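Colleague: Predicted model follows, preceded by the sequence.
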Amino acid sequence: MIRTVGLEKTYRLGEHNLVHALRGVDLEVNQGDYVAIMGPSGSGKSTMLNLLGCLDRPTGGRYFLGGEDVSQMDDDRLSEIRGRRIGFIFQSYNLIAQLTVLENIQVPLIYQGVNLHQYEDRCRELARMVGLEDRLDHRPNQLSGGQQQRVAIARALVNDPLIILADEPTGNLDSRTGTEVLDLIDQLNAAGKTIVLVTHDDHVAERARRVIHMKDGRIDREVVNRSASVGA
């Protein structure tokens, strides 16, 4: 599903200062896998997630998504890949305040220019799956944090993506609500979805079958969590 070969990312800060955020990362993620990426601030984990999500391009190395080399694609092609192959779950939910729950779930479809009426049943079914079938007409400010994250999960699934990327998905939630959201992500993985998430929380990472620890832009070590029972 995912393969990176010598992936590098360098940022230029000022005329002479280069920041090497990633320094030759090799990573493979198989279909149906559940991977957590951890590391201290500045380790490269967020940069890694941005590259995997086609939100940025590497300055070196190769990135294959679903067997296709996306590392050299232009912005238009990357946008298409993001819309059709990747579902995102963010710490801050990133919902549109003026839209209802149903409309927020539909946002990725709008960017693709499809006929929303053809997908309305699917959007309603996703809302039901995340427990929000009775909140379809509510706006984000009428929902709890946990409910907003559930909308974000439904939105991430609307295009039936190859992979779901989650950036600190429980970071803004209390422990009970965070557990409910993680249970839902576990269920998605058990149904066959490939999950890659970034977290600083050991309790979140222990849900994954593989935990990638990053340090100074490199993979420092990998831990296989044999006690994890979710997944295909």
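Modeller: Thanks, I have it.
Colleague: Please state the offset of the longest helix along the chain from the chain centre?
Modeller: The helix that spans the most residues within the chain, counting by DSSP state H, is helix 175-190. In this view, helix 175-190 has its centroid 14 Å away from the chain centroid, taken as Cα atoms, centre = their mean, to the nearest Å.
Colleague: What helices and strands are in contact with it?
Modeller: Helix 175-190 sits against helix 145-157, strand 163-167, strand 194-198, with contacts defined as 3 or more Cβ pairs under 8 Å, 6 or more residues apart in numbering; DSSP states H and E. The C-beta positions use only the backbone N, C-alpha and C, and glycine is treated the same way.
Colleague: Repeat the analysis, applying 10 Å as the threshold.
Modeller: When contacts are defined as 3 or more Cβ pairs under 10 Å, 6 or more residues apart in numbering; DSSP states H and E, helix 175-190 packs onto strand 34-38, strand 86-90, helix 116-129, helix 145-157, strand 163-167, strand 194-198, helix 202-205.
Colleague: That helix: which residues count as buried?
Modeller: Neighbour counts over helix 175-190 (16 or more other Cβ atoms under 10 Å) mark 177-179, 181-182, 184-186, 188-189 as buried.
Colleague: With adjacent residues omitted, what lies nearest to Gln31?
Modeller: Closest residue to Gln31 apart from its sequence neighbours, by Cβ to Cβ, 6 or more residues apart in numbering: Met1 at 4.7 Å.
Colleague: Next, the buried residues of stretch 189-207.
Modeller: Those would be 189, 193-199, 201, 204-205, 207, for stretch 189-207 by 16+ other Cβ under 10 Å.
Colleague: my bad, should have said stretch 95-105
Modeller: 95, 99-105.
Colleague: thinking Thr179 is in contact with Pro169, fair?
Modeller: No. Counting by Cβ atoms under 10 Å, Pro169 is not a contact partner of Thr179; they are 11.7 Å apart.
Colleague: okay, and the helix or strand of this structure with the least pLDDT?
Modeller: One helix or strand of the chain scores below all others by mean pLDDT, DSSP states H and E: helix 75-85, with a mean of 88.
Colleague: And the contacts of that one?
Modeller: In this structure, residues lying in contact with helix 75-85 by Cβ atoms under 10 Å, 6 or more residues apart in numbering are 1, 53-57, 65-66, 68, 70-71, 73, 88, 108-109, 111-113, 159-163, 165.
Colleague: which ones are touching Thr100?
Modeller: With Cβ under 10 Å, 6+ apart, Thr100 has these contacts: 106, 135-140, 142, 151.
Colleague: if you set the cut-off to 6 Å instead, what comes out?
Modeller: Residues counted as contacts of Thr100 (Cβ atoms under 6 Å, 6 or more residues apart in numbering) are 137, 139.
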